[in-house]
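Q: after the sequence you'll find the predicted model.
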Amino acid sequence: MMLKPVTPAEIRRALLLREELALLDLRHEAAFATGHPLFAANMAVDRIAIEAEVRLPRKDAPVVLYDDGDGLVAAGAERLAGLGYANVRALDGGLKAWRAAGFEVFADVNSYCKAFGELVEARRHTPSLSADEVAKLIADKADIAILDVRRFDEYATMNIPGSVSVPGAELVLRAGSAAPDPGTTIIVNCAGRTRSIIGAQSLINAGVPNKVRALRNGTIGWTLARHTLDHGSNRRGAIGPFESGPANARDVAYRAGVRHIGASEAAALYAQTGRTLYRFDVRDAEEYAVGHLPGFRHYPGGQLVQETDMAAPVRGARIVLTDDKGVRADMTASWLAQMGWEVYVLDGGYDGALEVGPPQVVPKPDPAHRYRRPYEGTDVAARAMQAYLDWEYGLVEQLRRDGTHGFYVI
(Lines give C-alpha, C1' and ligand atoms only; values in the text may rest on other atoms or scores of the structure.)
Protein backbone atom coordinates (compact mmCIF):
# COMPACT_ATOMS: atom_id res chain seq x y z
CA MET A 1 0.00 0.00 0.00
CA MET A 2 1.14 3.53 -0.76
CA LEU A 3 1.84 5.73 2.25
CA LYS A 4 2.17 9.48 2.33
CA PRO A 5 5.79 10.33 3.23
CA VAL A 6 6.69 12.65 6.09
CA THR A 7 10.10 14.32 6.21
CA PRO A 8 12.31 14.35 9.32
CA ALA A 9 11.88 18.15 9.44
CA GLU A 10 8.09 17.74 9.57
CA ILE A 11 8.41 15.24 12.41
CA ARG A 12 10.62 17.65 14.33
CA ARG A 13 8.16 20.48 13.77
CA ALA A 14 5.25 18.38 15.07
CA LEU A 15 7.22 17.53 18.21
CA LEU A 16 8.14 21.15 18.86
CA LEU A 17 4.52 22.25 18.40
CA ARG A 18 3.33 19.40 20.65
CA GLU A 19 1.04 18.02 18.01
CA GLU A 20 -0.16 14.46 18.42
CA LEU A 21 2.23 11.98 16.87
CA ALA A 22 3.08 8.31 17.31
CA LEU A 23 6.50 7.80 15.73
CA LEU A 24 6.82 4.03 15.64
CA ASP A 25 10.05 2.10 15.14
CA LEU A 26 9.10 -1.26 13.61
CA ARG A 27 12.33 -3.08 14.37
CA HIS A 28 12.73 -5.53 17.21
CA GLU A 29 13.57 -3.97 20.55
CA ALA A 30 17.24 -5.02 20.44
CA ALA A 31 17.69 -3.12 17.18
CA PHE A 32 15.64 -0.16 18.42
CA ALA A 33 17.99 0.15 21.40
CA THR A 34 20.96 0.74 19.09
CA GLY A 35 19.58 4.15 18.14
CA HIS A 36 16.31 6.04 17.50
CA PRO A 37 14.81 9.56 17.68
CA LEU A 38 14.14 10.77 21.23
CA PHE A 39 10.34 10.41 21.12
CA ALA A 40 10.17 7.30 18.94
CA ALA A 41 8.35 4.34 20.45
CA ASN A 42 9.18 0.75 19.66
CA MET A 43 6.42 -1.45 18.22
CA ALA A 44 7.99 -4.33 16.35
CA VAL A 45 6.06 -5.18 13.20
CA ASP A 46 5.33 -8.71 14.40
CA ARG A 47 3.80 -7.33 17.62
CA ILE A 48 1.36 -4.88 16.08
CA ALA A 49 -1.56 -7.29 16.44
CA ILE A 50 -0.69 -7.74 20.14
CA GLU A 51 0.09 -4.16 21.12
CA ALA A 52 -1.51 -1.62 18.81
CA GLU A 53 -5.03 -1.44 20.23
CA VAL A 54 -3.68 -1.24 23.78
CA ARG A 55 -1.05 1.41 23.11
CA LEU A 56 -2.80 3.37 20.33
CA PRO A 57 -6.36 3.85 21.60
CA ARG A 58 -7.49 6.33 18.91
CA LYS A 59 -7.70 4.76 15.47
CA ASP A 60 -7.28 8.06 13.58
CA ALA A 61 -4.33 9.38 15.60
CA PRO A 62 -1.35 10.41 13.43
CA VAL A 63 1.02 7.45 13.15
CA VAL A 64 4.38 7.60 11.36
CA LEU A 65 6.31 4.38 10.70
CA TYR A 66 10.00 3.88 10.08
CA ASP A 67 12.74 1.30 10.01
CA ASP A 68 16.44 1.38 9.18
CA GLY A 69 16.26 0.03 5.65
CA ASP A 70 14.79 -3.25 6.83
CA GLY A 71 11.73 -3.22 4.56
CA LEU A 72 9.26 -3.35 7.44
CA VAL A 73 7.12 -0.29 6.78
CA ALA A 74 4.78 -1.75 4.15
CA ALA A 75 3.96 -4.76 6.31
CA GLY A 76 3.48 -2.56 9.36
CA ALA A 77 1.11 -0.26 7.49
CA GLU A 78 -0.96 -3.20 6.24
CA ARG A 79 -1.29 -4.64 9.73
CA LEU A 80 -2.33 -1.30 11.20
CA ALA A 81 -4.83 -0.76 8.36
CA GLY A 82 -6.28 -4.19 9.05
CA LEU A 83 -6.94 -3.06 12.63
CA GLY A 84 -8.68 0.09 11.43
CA TYR A 85 -5.93 2.69 11.79
CA ALA A 86 -6.65 5.35 9.19
CA ASN A 87 -3.91 7.98 9.53
CA VAL A 88 -0.68 6.08 8.90
CA ARG A 89 2.29 7.59 7.10
CA ALA A 90 5.96 6.74 6.58
CA LEU A 91 9.11 8.60 7.60
CA ASP A 92 10.65 9.48 4.26
CA GLY A 93 14.02 7.72 4.10
CA GLY A 94 13.62 6.09 7.49
CA LEU A 95 16.21 6.31 10.22
CA LYS A 96 18.98 6.93 7.69
CA ALA A 97 17.24 10.15 6.59
CA TRP A 98 16.82 11.21 10.22
CA ARG A 99 20.55 10.81 10.76
CA ALA A 100 21.37 12.50 7.46
CA ALA A 101 19.30 15.53 8.50
CA GLY A 102 21.66 15.93 11.46
CA PHE A 103 19.05 15.09 14.08
CA GLU A 104 20.00 13.41 17.33
CA VAL A 105 19.76 9.63 17.81
CA PHE A 106 19.38 8.11 21.28
CA ALA A 107 20.45 4.62 22.32
CA ASP A 108 18.84 2.23 24.82
CA VAL A 109 15.12 2.07 25.75
CA ASN A 110 12.88 4.50 27.66
CA SER A 111 15.49 7.04 26.65
CA TYR A 112 13.56 10.25 27.12
CA CYS A 113 12.40 9.22 30.58
CA LYS A 114 15.98 8.47 31.59
CA ALA A 115 17.18 11.70 30.04
CA PHE A 116 14.51 13.56 32.02
CA GLY A 117 15.75 11.93 35.23
CA GLU A 118 19.27 13.13 34.48
CA LEU A 119 17.92 16.63 33.82
CA VAL A 120 16.13 16.59 37.19
CA GLU A 121 19.37 15.74 38.97
CA ALA A 122 21.28 18.40 37.04
CA ARG A 123 18.71 21.10 37.79
CA ARG A 124 17.81 20.18 41.39
CA HIS A 125 21.14 18.70 42.47
CA THR A 126 19.35 15.71 43.99
CA PRO A 127 21.58 14.59 46.89
CA SER A 128 23.12 11.14 46.69
CA LEU A 129 25.51 8.78 48.42
CA SER A 130 28.00 6.39 46.85
CA ALA A 131 27.79 2.63 47.30
CA ASP A 132 30.78 2.72 49.67
CA GLU A 133 29.14 5.41 51.80
CA VAL A 134 25.90 3.44 52.07
CA ALA A 135 27.77 0.21 52.80
CA LYS A 136 29.55 1.95 55.68
CA LEU A 137 26.24 3.23 57.07
CA ILE A 138 24.89 -0.34 56.99
CA ALA A 139 28.02 -1.70 58.67
CA ASP A 140 27.84 1.02 61.34
CA LYS A 141 24.17 0.23 61.98
CA ALA A 142 23.28 3.84 61.29
CA ASP A 143 19.70 5.09 61.53
CA ILE A 144 18.76 4.62 57.87
CA ALA A 145 15.88 3.21 55.84
CA ILE A 146 16.74 1.94 52.36
CA LEU A 147 13.72 2.07 50.05
CA ASP A 148 13.92 0.19 46.76
CA VAL A 149 11.68 1.86 44.17
CA ARG A 150 11.80 -0.78 41.44
CA ARG A 151 9.05 -3.27 40.65
CA PHE A 152 8.74 -5.89 43.36
CA ASP A 153 9.95 -8.67 41.04
CA GLU A 154 13.15 -6.69 40.35
CA TYR A 155 13.62 -6.14 44.07
CA ALA A 156 13.15 -9.84 44.83
CA THR A 157 15.75 -10.79 42.21
CA MET A 158 18.46 -8.69 43.84
CA ASN A 159 18.46 -5.90 46.38
CA ILE A 160 20.61 -3.87 48.75
CA PRO A 161 20.86 -5.72 52.10
CA GLY A 162 18.20 -4.56 54.55
CA SER A 163 16.23 -2.62 51.96
CA VAL A 164 12.43 -2.59 51.70
CA SER A 165 10.38 -2.62 48.49
CA VAL A 166 8.47 0.65 48.02
CA PRO A 167 7.81 1.09 44.26
CA GLY A 168 8.32 4.66 43.08
CA ALA A 169 4.86 6.24 43.18
CA GLU A 170 4.24 4.65 46.59
CA LEU A 171 7.02 6.59 48.33
CA VAL A 172 5.05 9.55 49.67
CA LEU A 173 2.23 7.18 50.67
CA ARG A 174 4.50 4.77 52.57
CA ALA A 175 7.54 6.77 53.75
CA GLY A 176 5.90 7.60 57.08
CA SER A 177 5.62 3.89 57.85
CA ALA A 178 9.06 2.99 56.52
CA ALA A 179 10.78 5.81 58.41
CA PRO A 180 8.46 7.14 61.14
CA ASP A 181 11.28 8.95 62.94
CA PRO A 182 12.20 12.20 61.13
CA GLY A 183 15.77 11.61 62.28
CA THR A 184 16.05 8.50 60.08
CA THR A 185 17.88 9.07 56.82
CA ILE A 186 15.98 7.68 53.83
CA ILE A 187 18.10 6.20 51.05
CA VAL A 188 16.32 5.57 47.76
CA ASN A 189 17.69 3.05 45.29
CA CYS A 190 16.87 1.50 41.95
CA ALA A 191 18.95 -0.55 39.52
CA GLY A 192 20.70 2.37 37.87
CA ARG A 193 19.96 6.05 38.18
CA THR A 194 16.58 7.27 36.93
CA ARG A 195 14.13 5.82 39.42
CA SER A 196 16.33 6.58 42.43
CA ILE A 197 16.71 10.22 41.30
CA ILE A 198 12.99 10.63 40.67
CA GLY A 199 12.11 8.78 43.89
CA ALA A 200 14.44 10.80 46.10
CA GLN A 201 13.34 14.06 44.51
CA SER A 202 9.69 13.05 44.94
CA LEU A 203 10.15 12.82 48.70
CA ILE A 204 12.06 16.10 48.75
CA ASN A 205 9.45 17.86 46.61
CA ALA A 206 6.68 16.59 48.90
CA GLY A 207 8.45 17.91 51.98
CA VAL A 208 9.29 14.72 53.85
CA PRO A 209 10.91 15.76 57.17
CA ASN A 210 13.67 13.16 56.86
CA LYS A 211 17.01 13.66 55.19
CA VAL A 212 16.78 11.95 51.79
CA ARG A 213 19.59 10.60 49.62
CA ALA A 214 19.64 8.59 46.39
CA LEU A 215 21.98 5.62 46.16
CA ARG A 216 24.22 6.82 43.36
CA ASN A 217 24.04 4.40 40.41
CA GLY A 218 21.81 1.93 42.25
CA THR A 219 22.51 -1.78 42.26
CA ILE A 220 24.87 -1.27 39.30
CA GLY A 221 27.05 1.04 41.39
CA TRP A 222 26.75 -1.35 44.33
CA THR A 223 27.94 -4.26 42.20
CA LEU A 224 30.77 -2.28 40.57
CA ALA A 225 31.96 -1.32 44.07
CA ARG A 226 32.13 -5.07 44.83
CA HIS A 227 29.48 -5.09 47.52
CA THR A 228 27.16 -8.08 47.91
CA LEU A 229 23.48 -8.02 46.98
CA ASP A 230 20.75 -10.03 48.68
CA HIS A 231 18.41 -12.29 46.71
CA GLY A 232 14.85 -13.48 47.28
CA SER A 233 13.86 -10.77 49.76
CA ASN A 234 10.15 -10.11 50.24
CA ARG A 235 10.00 -7.07 52.51
CA ARG A 236 7.30 -4.59 51.45
CA GLY A 237 6.70 -1.14 52.88
CA ALA A 238 3.32 -0.66 54.55
CA ILE A 239 0.97 2.25 53.83
CA GLY A 240 1.59 5.18 56.15
CA PRO A 241 2.16 8.66 54.75
CA PHE A 242 4.22 11.19 56.66
CA GLU A 243 2.39 14.16 58.16
CA SER A 244 1.07 16.50 55.43
CA GLY A 245 2.31 14.09 52.75
CA PRO A 246 -1.00 13.81 50.82
CA ALA A 247 -1.65 17.57 50.93
CA ASN A 248 1.92 18.29 49.90
CA ALA A 249 1.67 15.82 47.02
CA ARG A 250 -1.35 17.68 45.69
CA ASP A 251 0.55 20.97 45.97
CA VAL A 252 3.47 19.47 44.03
CA ALA A 253 1.06 18.42 41.28
CA TYR A 254 -0.48 21.89 41.12
CA ARG A 255 2.94 23.52 40.91
CA ALA A 256 3.74 21.26 37.97
CA GLY A 257 0.56 22.33 36.15
CA VAL A 258 -1.58 19.25 36.83
CA ARG A 259 -5.33 19.78 36.91
CA HIS A 260 -7.75 17.88 39.14
CA ILE A 261 -11.06 17.06 37.53
CA GLY A 262 -14.34 15.53 38.61
CA ALA A 263 -16.73 13.20 36.85
CA SER A 264 -18.35 15.88 34.66
CA GLU A 265 -15.02 17.25 33.41
CA ALA A 266 -13.77 13.72 32.80
CA ALA A 267 -16.88 12.94 30.77
CA ALA A 268 -16.20 16.01 28.64
CA LEU A 269 -12.65 14.81 27.99
CA TYR A 270 -13.86 11.33 27.06
CA ALA A 271 -16.31 12.87 24.57
CA GLN A 272 -13.55 14.69 22.68
CA THR A 273 -12.82 11.90 20.23
CA GLY A 274 -10.48 14.05 18.15
CA ARG A 275 -7.77 13.76 20.78
CA THR A 276 -5.97 10.68 22.07
CA LEU A 277 -6.67 10.07 25.75
CA TYR A 278 -4.82 7.62 27.95
CA ARG A 279 -6.38 6.55 31.25
CA PHE A 280 -4.14 4.90 33.84
CA ASP A 281 -4.76 3.52 37.32
CA VAL A 282 -1.42 4.01 39.10
CA ARG A 283 -2.06 1.84 42.18
CA ASP A 284 -0.49 -1.56 42.72
CA ALA A 285 -1.84 -4.59 40.89
CA GLU A 286 -3.55 -6.11 43.93
CA GLU A 287 -5.58 -2.98 44.61
CA TYR A 288 -6.49 -2.70 40.94
CA ALA A 289 -7.71 -6.30 40.81
CA VAL A 290 -10.05 -5.79 43.78
CA GLY A 291 -11.84 -2.92 42.05
CA HIS A 292 -11.01 -0.28 39.44
CA LEU A 293 -12.76 2.36 37.40
CA PRO A 294 -13.99 1.16 34.00
CA GLY A 295 -11.76 2.13 31.11
CA PHE A 296 -8.61 2.64 33.18
CA ARG A 297 -5.58 0.51 32.38
CA HIS A 298 -3.30 -0.53 35.22
CA TYR A 299 0.17 1.05 35.15
CA PRO A 300 2.04 1.56 38.46
CA GLY A 301 3.04 5.20 38.77
CA GLY A 302 6.76 4.63 39.20
CA GLN A 303 6.93 2.50 36.07
CA LEU A 304 4.77 4.96 34.14
CA VAL A 305 7.33 7.70 34.76
CA GLN A 306 10.18 5.32 33.90
CA GLU A 307 8.72 3.96 30.64
CA THR A 308 6.18 6.50 29.40
CA ASP A 309 6.99 5.73 25.77
CA MET A 310 5.82 2.15 26.28
CA ALA A 311 2.62 3.16 28.04
CA ALA A 312 1.72 6.17 25.90
CA PRO A 313 3.48 6.22 22.52
CA VAL A 314 1.28 9.04 21.14
CA ARG A 315 3.31 12.11 22.06
CA GLY A 316 1.03 15.11 22.58
CA ALA A 317 -1.88 13.00 23.86
CA ARG A 318 -3.76 13.66 27.09
CA ILE A 319 -3.38 11.51 30.19
CA VAL A 320 -5.85 11.02 33.06
CA LEU A 321 -4.66 9.27 36.22
CA THR A 322 -6.70 7.72 39.01
CA ASP A 323 -5.83 6.51 42.50
CA ASP A 324 -8.28 6.02 45.37
CA LYS A 325 -5.88 7.73 47.79
CA GLY A 326 -4.80 10.49 45.44
CA VAL A 327 -1.15 10.65 46.54
CA ARG A 328 0.24 8.30 43.92
CA ALA A 329 -1.69 9.96 41.11
CA ASP A 330 -0.55 13.42 42.21
CA MET A 331 3.14 12.52 42.38
CA THR A 332 3.04 10.57 39.11
CA ALA A 333 1.19 13.38 37.37
CA SER A 334 3.67 15.95 38.61
CA TRP A 335 6.48 14.19 36.78
CA LEU A 336 4.50 13.53 33.59
CA ALA A 337 3.56 17.22 33.44
CA GLN A 338 7.21 18.20 33.72
CA MET A 339 7.91 15.88 30.80
CA GLY A 340 5.52 17.94 28.70
CA TRP A 341 2.29 15.95 28.99
CA GLU A 342 -1.18 17.40 29.41
CA VAL A 343 -2.14 15.41 32.47
CA TYR A 344 -5.15 15.33 34.78
CA VAL A 345 -5.94 13.60 38.07
CA LEU A 346 -9.48 12.29 38.47
CA ASP A 347 -10.98 12.98 41.88
CA GLY A 348 -13.20 10.30 43.37
CA GLY A 349 -15.30 7.81 41.46
CA TYR A 350 -14.57 4.82 43.69
CA ASP A 351 -17.94 4.99 45.43
CA GLY A 352 -19.67 3.92 42.21
CA ALA A 353 -19.66 0.71 40.18
CA LEU A 354 -16.18 -0.78 39.85
CA GLU A 355 -14.80 -3.45 37.57
CA VAL A 356 -13.08 -6.41 39.19
CA GLY A 357 -10.23 -8.41 37.73
CA PRO A 358 -6.48 -8.48 37.26
CA PRO A 359 -4.61 -6.04 35.02
CA GLN A 360 -4.44 -6.69 31.31
CA VAL A 361 -1.04 -8.18 30.54
CA VAL A 362 0.58 -7.80 27.14
CA PRO A 363 2.63 -10.92 26.28
CA LYS A 364 6.37 -10.36 26.50
CA PRO A 365 8.45 -10.36 23.30
CA ASP A 366 10.60 -13.26 22.22
CA PRO A 367 13.76 -13.13 24.40
CA ALA A 368 15.84 -13.35 21.23
CA HIS A 369 14.38 -9.99 20.10
CA ARG A 370 14.45 -8.23 23.45
CA TYR A 371 17.11 -5.73 24.49
CA ARG A 372 18.91 -7.03 27.57
CA ARG A 373 19.07 -4.14 30.02
CA PRO A 374 22.51 -3.77 31.62
CA TYR A 375 20.88 -3.31 35.02
CA GLU A 376 18.75 -6.45 35.19
CA GLY A 377 19.68 -9.94 36.25
CA THR A 378 22.72 -11.06 38.16
CA ASP A 379 25.11 -12.01 35.37
CA VAL A 380 25.78 -8.71 33.58
CA ALA A 381 29.39 -7.92 32.74
CA ALA A 382 30.96 -5.02 34.65
CA ARG A 383 32.01 -3.41 31.38
CA ALA A 384 28.41 -3.31 30.16
CA MET A 385 27.20 -1.82 33.43
CA GLN A 386 29.84 0.91 33.38
CA ALA A 387 29.08 1.70 29.73
CA TYR A 388 25.42 2.10 30.62
CA LEU A 389 26.23 4.55 33.41
CA ASP A 390 28.53 6.51 31.10
CA TRP A 391 25.68 6.74 28.58
CA GLU A 392 23.29 8.07 31.21
CA TYR A 393 25.78 10.73 32.28
CA GLY A 394 25.78 12.07 28.71
CA LEU A 395 22.01 12.34 28.30
CA VAL A 396 21.64 15.96 29.44
CA GLU A 397 24.04 17.08 26.74
CA GLN A 398 22.17 14.96 24.19
CA LEU A 399 18.92 16.65 25.21
CA ARG A 400 20.53 20.02 24.61
CA ARG A 401 21.67 19.03 21.13
CA ASP A 402 18.31 17.48 20.24
CA GLY A 403 16.22 20.45 21.36
CA THR A 404 12.76 18.87 21.01
CA HIS A 405 12.07 17.71 24.56
CA GLY A 406 10.20 20.64 26.13
CA PHE A 407 10.97 19.37 29.63
CA TYR A 408 10.98 21.65 32.66
CA VAL A 409 11.84 20.99 36.31
CA ILE A 410 9.94 22.61 39.17
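A: Okay, I see it. Numbers count the residues shown, from 1 in each chain.
Q: same question for stretch 5-13, mean pLDDT?
A: The average pLDDT within stretch 5-13 is 98.
Q: distance check, residue 170 against residue 264.
A: According to C-beta to C-beta, to the nearest Å, residue 170 and residue 264 sit 30 Å apart. C-beta here means a position set from N, CA and C on the backbone, and glycine is covered the same way.
Q: same drill for those two, tell me which one is more crowded.
A: A count of neighbours by other C-beta atoms under 10 Å puts residue 170 above the other of residue 170 and residue 264, at 27 against 7.
Q: check contacts around the residue lying closest to residue 104 once chain neighbours are set aside.
A: Among residues not flanking residue 104 along the chain, residue 402 sits closest, at 3.8 Å (C-beta to C-beta, 6 or more residues apart in numbering). Taking C-beta atoms under 8 Å, 6 or more residues apart in numbering, we find residue 402 in contact with 38, 103-104, 106.
Q: ok, now residue 374?
A: Each residue near residue 374 by C-beta under 8 Å, 6+ apart is listed here: 192, 220, 380, 384-385, 387-388.
Q: not counting sequence-adjacent ones, nearest residue to it?
A: Closest residue to residue 374 apart from its sequence neighbours, by C-beta to C-beta, 6+ apart: residue 388 at 3.9 Å.
Q: how about the contacts made by that neighbour?
A: Contacts for residue 388 (C-beta under 8 Å, 6+ apart) come out as 108, 192, 220, 374-375.
Q: rewinding a little: now the contacts of residue 402 as a markdown table including secondary structure?
A: Formatted as a markdown table, the contacts of residue 402 follow (DSSP: H, G, I helix; E, B strand; the rest coil):
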| residue | secondary structure |
| --- | --- |
| 38 | coil |
| 103 | coil |
| 104 | coil |
| 106 | strand |
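Q: quick one: which of these is nearest to residue 271?
A: Closest approach to residue 271 among these (C-beta to C-beta): residue 38, at 32.0 Å.
Q: count the residues that sit near that closest one.
A: Close neighbours of residue 38, defined as other C-beta under 10 Å, add up to 22.
Q: what of residue 370?
A: Residue 370 has 15 neighbours, counted by other C-beta under 10 Å.
Q: show the pLDDT at the residue nearest to it when sequence neighbours are not counted.
A: Residue nearest to residue 370 in three dimensions, not counting chain neighbours: residue 29, with 5.3 Å by C-beta to C-beta, 6+ apart. Residue 29 is assigned 97 on the pLDDT scale.
Q: residue 29 is in contact with residue 42, isn't it?
A: Yes. Residue 29 is in contact with residue 42 according to C-beta atoms under 8 Å; the separation is 5.4 Å.
Q: the more surrounded of the two?
A: The residue with more neighbours, out of residue 29 and residue 42, is residue 42; 24 against 18, by other C-beta under 10 Å.
Q: ok, the closest residue in space to the more buried one that isn't next to it in sequence - how many residues close by?
A: Leaving aside its sequence neighbours, residue 42 sits nearest to residue 32 (C-beta to C-beta, 6+ apart; 4.2 Å). Per other C-beta under 10 Å, the neighbour tally for residue 32 reads 25.
Q: related to what we said a few turns ago, just to be sure, the residue nearest to residue 374 is in a helix?
A: Yes. Residue 388 sits within a helix when classified using three-state DSSP.
Q: just to revisit the earlier point, now the residue nearest to residue 370: how far from residue 395?
A: Residue 29 is 19 Å from residue 395, where distance means C-beta to C-beta.
Q: do the same with residue 314
A: 23 Å.
Q: now the residue nearest to residue 370: phi and psi?
A: Per-residue torsions, residue 29: phi -60, psi -40 (degrees, to the nearest 10).
Q: wait, which of the contacts of residue 402 is closest to residue 3?
A: Using C-beta to C-beta, the contacts of residue 402 come closest to residue 3 at residue 103, 20.6 Å.
Q: right, and that closest one touches residue 13 too?
A: No. Between residue 103 and residue 13 there is no contact under C-beta under 8 Å: 11.7 Å.
Q: between those two, which one's more packed in?
A: Using other C-beta under 10 Å as the criterion, residue 103 and residue 13 rank with residue 103 on top: 18 against 12.
Q: pLDDT score for that one?
A: Looking at residue 103, its pLDDT stands at 98.
Q: for residue 69, see how far away it is.
A: For residue 103 relative to residue 69 (C-beta to C-beta), the value is 17 Å.
Q: residue 277 now?
A: Applying C-beta to C-beta to residue 277 and residue 69 gives a distance of 35 Å.
Q: what does residue 297 give?
A: From residue 297 to residue 69 the distance is 34 Å (C-beta to C-beta).
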